[in-house]
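**Student:** predicted coordinates and the sequence they were generated for:
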Amino acid sequence: MTDPAEPTKPAEASEAPDAPRATVVAKKRHFRHVRAFFAPVGRVLHKIPHPPWRSKRGILLLFILFGGFGAAATMGGVTAVGFSETPGFCGMCHTMDPELKAYAMSPHRDVTCAECHVEPGAAGFIKAKVNGTKQLFDIVTGQFPTPIEPPDHAKLPPVKDTCMKCHSLDGLTANGGPVKLVLRPQYLPDETNTQQTVAVMLRPGGLGDSSGVLGVHWHVAQKVTYTTSDIRSSKIDLVEITEKDGSIKQYVSGKQVAVSNDVKSDVDRLKASETTRRMDCIDCHNRIGHGVPSPDQTIDEAMAAGKISASLPFVKRDSLALLNGNYPTLQAADTAIEGLQTTYTSKYPLVAKAQAGKVTAAIDELKTEYRLIATPAMKVQAKTYPDNLGHQSSLGCFRCHDGGHYLVVKGQVTNKTIPSACSTCHTFPQVSSSASRFPLENKPVASASSASLAAVIASIPLGAKPADHKDQLYVFSHKNSVKSVEPTGTSCAACHTRSYCENCHNSGAIKVKHDKMLYNHADAAAAAGGTQSCNYCHQPISCAQCHKGPVLNTIAPATAAKPVALLSAPPDAIKQRLTP
């Protein structure tokens, strides 16, 4: 009998199965699950007549199908990415309501968000999407700030990739740049809502001065840098101008000077502790894509368009107070605005009865305007985001042109400042009784409104200044050579009309005695009828250099008493400001 062969120990093999084989089995099971998932699709495709998949025609069909699906996916992805760069996508979040409303009113409402906020190229795209994801997380978790902070301009794409894609620097600066006439309607906050037109001509280089006045876009044509501690650049402490010969002019804020004959340490401190950047387009046009008109401008334009009747007593004053209100909700704002009806019923019952429709229309318009310029849910008002273009509703130009930035020469502060006169950037404002804001070409030449508008333009002095006009005190001393406000028959008539002279002579400004102004200007302003007379030449920033509280009230009637009371106590204000 032959002995059986040695066993091969199958028990051991079963106890230690081959690992690769187990992996293969697991993969097969996974594949069966995937195949089962797509089985319904396979059954549908199987019912569609088609050539065998392994034939040439089948392979061609598969190629067409995969190519079609790939093209559709690519087009869908491109469309999705494109949509993510539009206001429709960015405005889906309620936090963007204020920006979206302002964008719809801006001159750039046809420009997509990404064209200004996203740097070109893949790196800029990825950076924007990462930032957008972070913002989305903040919204989902409720950690977003109210109001939303404006972006740091240093983190925005350079202007060569945004502004200069459409605008030419040469076109803005060649021969001083284009001449621009600005006409704005204005209604005074008095009982009759006195209507006026304010006209100014923006000055390109050389306009109205034989020596060649610098144009308003000189700031970007020249190398100008500024130093600030504020992300919004609302307070500028140091300005440096690089001349064509390479020399540098320094202007330092007087508030930052410790020792006037040795400011090097102050300049070094500012440069080390604050941010220095070169001035470009968005330093002045900072709200060009999301500009919100001031309540004053909003009401003036609504009244000029007839949406708010100027025949309602004090409607400008009362409307301005309502739009300037800080309301917690839209419902609270509506309730306050509806109070205008009660105001007219109690104070002007005949007006409330005879002009009930105009009162209702004014209330409806104010509700609409408030929704455009304010968003209570985000704690946003018109003044939340200051506009640096101009100086009517914020410091704007007066961040530098405030008369408080002094030239530094050899380490010492001089008494020469950055020019701050009206004529630095535009002609002296010409005020007339016409309330039109439209250019002549939009009006019939034969109409009365065109005739009055032509008179406004004719009153703007554009000629070269005579030699005696260059005296800084000529505005006060010209009375020695001119005896009347009627320029007809004099050499003044070559540039001025009577209305130009009346801008000051009817304002109360000439009644202010400017001698020894440092100590008695409060009494002089009070004698002239209030600080309204000061507003024609001075801005609030001028008073803020000494006074701690507000002094000038740019919307108050000339007879207002409150501003005079504020102005009558300068020693206390100065004492508070100088107290460490």
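**Tutor:** Arrived safely.

**Student:** contacting residues for the residue nearest the centre of the chain?
**Tutor:** Computing the C-alpha centroid of the chain and ranking residues by Cα atoms, centre = their mean puts Arg287 first, at 2.6 Å. Contacts for Arg287 (Cβ atoms under 8 Å, 6 or more residues apart in numbering) come out as 102, 385-389. The C-beta positions use only the backbone N, C-alpha and C, and glycine is treated the same way.

**Student:** then Ser394?
**Tutor:** Residues near Ser394 by Cβ under 8 Å, 6+ apart: 234, 383, 386-388.

**Student:** next: Gly291.
**Tutor:** Taking Cβ under 8 Å, 6+ apart as the test, what Gly291 contacts is 102, 105-106, 387, 389.

**Student:** please apply the same query to Leu372.
**Tutor:** Going by Cβ under 8 Å, 6+ apart, the list of residues near Leu372 reads 101, 105, 292, 298.

**Student:** how much space separates it from Arg287?
**Tutor:** Separation of Leu372 from Arg287 (Cβ to Cβ, to the nearest Å): 14 Å.

**Student:** coming back round to it: in a helix, the residue nearest to the centre of the chain, correct?
**Tutor:** No: counting by DSSP: H, G, I helix; E, B strand; the rest coil, one finds Arg287 to be coil, located in no helix.

**Student:** roughly how far apart are it and Asp245?
**Tutor:** Distance from Arg287 to Asp245, by Cβ to Cβ: 36 Å.

**Student:** what is the nearest of the contacts of Ser394 to Gly177?
**Tutor:** Using Cβ to Cβ, Asn388 is the member of the contacts of Ser394 that lies nearest Gly177, at 18.6 Å.

**Student:** let's see which of the contacts of Gly291 end up in helices.
**Tutor:** 102, 105 (DSSP state H).

**Student:** can you say which of the contacts of Gly291 are buried?
**Tutor:** Buried subset of these (neighbour count, 16 or more other Cβ atoms under 10 Å): 102, 106, 387.

**Student:** closest to Thr192 among those residues?
**Tutor:** Closest to Thr192, out of all of these and judged by Cβ to Cβ, is Asp387, at 29.9 Å.

**Student:** contacts only, for the closest one.
**Tutor:** Neighbours of Asp387 in contact, by Cβ under 8 Å, 6+ apart: 286-287, 291-292, 393-394, 396.

**Student:** again, but for Thr242
**Tutor:** Taking Cβ under 8 Å, 6+ apart as the test, what Thr242 contacts is 222-225, 248.

**Student:** returning to that earlier point: filter the contacts of Ser394 to the buried ones?
**Tutor:** 383, 386-388.

**Student:** identify the farthest-apart pair in the residues you listed.
**Tutor:** Lys383 and Asn388 (13.3 Å).

**Student:** returning to what we had before: buried subset of the contacts of Leu372 as a ChimeraX selection?
**Tutor:** Listed next is the ChimeraX selection for buried residues among the contacts of Leu372, using 16+ other Cβ under 10 Å:
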select :101,292,298
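
**Student:** most widely separated two among the contacts of Leu372?
**Tutor:** Greatest spacing in the contacts of Leu372, by Cβ to Cβ: Lys101 and Thr298 (12.6 Å).

**Student:** just the CA trace of stretch 218-227, in CSV.
**Tutor:** Presented in CSV, the C-alpha positions along stretch 218-227 are these (Å, rounded to 0.1, in the frame of the first residue of the first chain):
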residue,chain,number,x,y,z
TRP,A,218,-2.5,116.8,-12.5
HIS,A,219,-2.5,114.6,-9.4
VAL,A,220,-2.2,111.4,-11.5
ALA,A,221,0.0,112.9,-14.2
GLN,A,222,2.6,113.9,-11.5
LYS,A,223,4.1,111.5,-9.0
VAL,A,224,2.3,112.3,-5.8
THR,A,225,2.5,110.1,-2.7
TYR,A,226,0.7,110.6,0.6
THR,A,227,1.0,109.0,4.0
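
**Student:** identify all contacting residues around that stretch.
**Tutor:** 169, 172-173, 205, 233, 236-242, 270-271, 274-281, 283-284, 400.

**Student:** let's see 7 Å
**Tutor:** For stretch 218-227, contacts defined as Cβ atoms under 7 Å, 6 or more residues apart in numbering pick out 169, 173, 236-242, 270-271, 274-281.

**Student:** list the buried residues for that stretch?
**Tutor:** 218-221, 224, 226-227.

**Student:** just the closest of those to Ser311, please.
**Tutor:** Using Cβ to Cβ, His219 is the member of the buried residues of stretch 218-227 that lies nearest Ser311, at 43.7 Å.

**Student:** per-residue confidence for the closest one?
**Tutor:** Looking at His219, its pLDDT stands at 87.

**Student:** state the distance from it to Lys367.
**Tutor:** Taking Cβ to Cβ, one finds His219 at 40 Å from Lys367.

**Student:** with pLDDT and distance to Ile59 as extra columns, can I get the buried ones among the contacts of Ser394 in a markdown table?
**Tutor:** Output for those, formatted as a markdown table (pLDDT from 0 to 100; distance: Cβ to Cβ, whole Å):
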| residue | pLDDT | distance to Ile59 |
| --- | --- | --- |
| Lys383 | 87 | 69 |
| Pro386 | 89 | 66 |
| Asp387 | 90 | 64 |
| Asn388 | 91 | 65 |
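
**Student:** tell me the one of the residues you listed nearest Pro52?
**Tutor:** In terms of Cβ to Cβ, no member of the buried ones among the contacts of Ser394 lies closer to Pro52 than Asp387, at 70.7 Å.

**Student:** from memory Lys180 sits against Val200, does it?
**Tutor:** No: using Cβ atoms under 7 Å, Lys180 is not in contact with Val200, being 9.1 Å away.

**Student:** who has more neighbours out of those two?
**Tutor:** More crowded of Lys180 and Val200, by other Cβ atoms under 10 Å: Val200, with 19 against 12.

**Student:** distance of the nearest residue to the more buried one once chain neighbours are set aside from Ala128?
**Tutor:** Distances taken as Cβ to Cβ, 6 or more residues apart in numbering put His426 closest to Val200, at 4.4 Å, once the chain neighbours are dropped. Applying Cβ to Cβ, the value for His426 to Ala128 is 38 Å.

**Student:** what distance do you get for Lys155 to Ser229?
**Tutor:** Counting by Cβ to Cβ, the separation of Lys155 from Ser229 is 17 Å.

**Student:** can you tell me the helix or strand for the residue nearest to Phe314 when sequence neighbours are not counted?
**Tutor:** Nearest residue to Phe314 in three dimensions, chain neighbours excluded: Glu191, at 5.5 Å (Cβ to Cβ, 6+ apart). Using DSSP states H and E, Glu191 sits in no helix or strand.

**Student:** roughly how far out does stretch 393-409 sit from the chain middle?
**Tutor:** Here stretch 393-409 shows a centroid-to-chain-centroid distance of 18 Å under the convention Cα atoms, centre = their mean, to the nearest Å.

**Student:** over to stretch 137-155?
**Tutor:** Chain-centre distance of stretch 137-155: 18 Å, with Cα atoms, centre = their mean.

**Student:** buried sites along it?
**Tutor:** Buried positions in stretch 137-155, judged by neighbour count with 16+ other Cβ under 10 Å: 144, 147-148, 153.

**Student:** which residues of the stretch 151-300 of the chain fall in helices?
**Tutor:** Ranges of helices in the stretch 151-300 of the chain, per DSSP state H, counting those that start in this stretch, are 169-173, 218-221, 264-273, 281-284, 295-304.

**Student:** which helices and strands does the last one pack with?
**Tutor:** Here helix 295-304 is seen to pack against strand 180-187, helix 315-323, helix 356-373 when contacts are counted using 3 or more Cβ pairs under 7 Å, 6 or more residues apart in numbering; DSSP states H and E.

**Student:** also the third one?
**Tutor:** Contacting helix 264-273 under the criterion 3+ Cβ pairs under 7 Å, 6+ apart are the following elements: strand 236-242, strand 248-253.

**Student:** the first one pairs with which strands, parallel or anti?
**Tutor:** To tie it back to what came earlier, the one meant is strand 236-242. Strand 236-242 has these partner strands in its sheet, going by DSSP bridges: strand 223-228 (antiparallel), strand 248-253 (antiparallel).
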